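K.L.:
Sequence and predicted structure below; questions after.
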Amino acid sequence: MADADIAARIEAATQLRRLDLPVTIVIGELRQRYFHRVARHVERLIARASLHSVRGGSHAVHIDSPSEVAARIE
């Protein structure tokens, strides 16, 4: 799926572009590629966003790797 297709599916894109606060996006390395593309797209929409991929993390990265997730959001 192309980035344009992803953008069309994110209904909140306008609101995300308006955010003016730090946002941390954490995704598990083992998630499907589609979700990594979505996460990168959301990172580009939010001016002060940072994206982190947790090695070995799955869909439930906060359960798989809680200390790594906590370290990213502190």
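P.N.:
Nice, I can see it. Numbers count the residues shown, from 1 in each chain.
K.L.:
Low-confidence ranges, this structure, go.
P.N.:
By pLDDT under 70, the low-scoring segments of the chain are 1-10.
K.L.:
looking at it, Leu21 is touching Arg48, isn't it?
P.N.:
Yes - with contact taken as C-beta atoms under 8 Å, Leu21 and Arg48 are classed as touching, separated by 6.3 Å. Every residue, glycine included, has its C-beta placed from N, CA and C.
K.L.:
shared neighbours, these two?
P.N.:
Here Leu21 and Arg48 share no contacting residue, scored by C-beta atoms under 8 Å, 6 or more residues apart in numbering.
K.L.:
Just the CA atoms of stretch 52-63, as CSV, please.
P.N.:
Output for stretch 52-63, consisting of C-alpha atoms alone and laid out as CSV, is shown next (Å, rounded to 0.1, in the frame of the first residue of the first chain):
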residue,chain,number,x,y,z
HIS,A,52,10.9,4.1,17.9
SER,A,53,10.9,0.4,16.9
VAL,A,54,11.5,-2.0,19.8
ARG,A,55,13.6,-5.0,18.7
GLY,A,56,11.8,-8.2,19.1
GLY,A,57,8.6,-6.5,20.0
SER,A,58,5.3,-7.7,18.6
HIS,A,59,1.8,-6.1,18.3
ALA,A,60,1.7,-5.9,22.1
VAL,A,61,5.1,-4.3,22.5
HIS,A,62,4.0,-2.7,25.7
ILE,A,63,3.5,-6.3,27.1
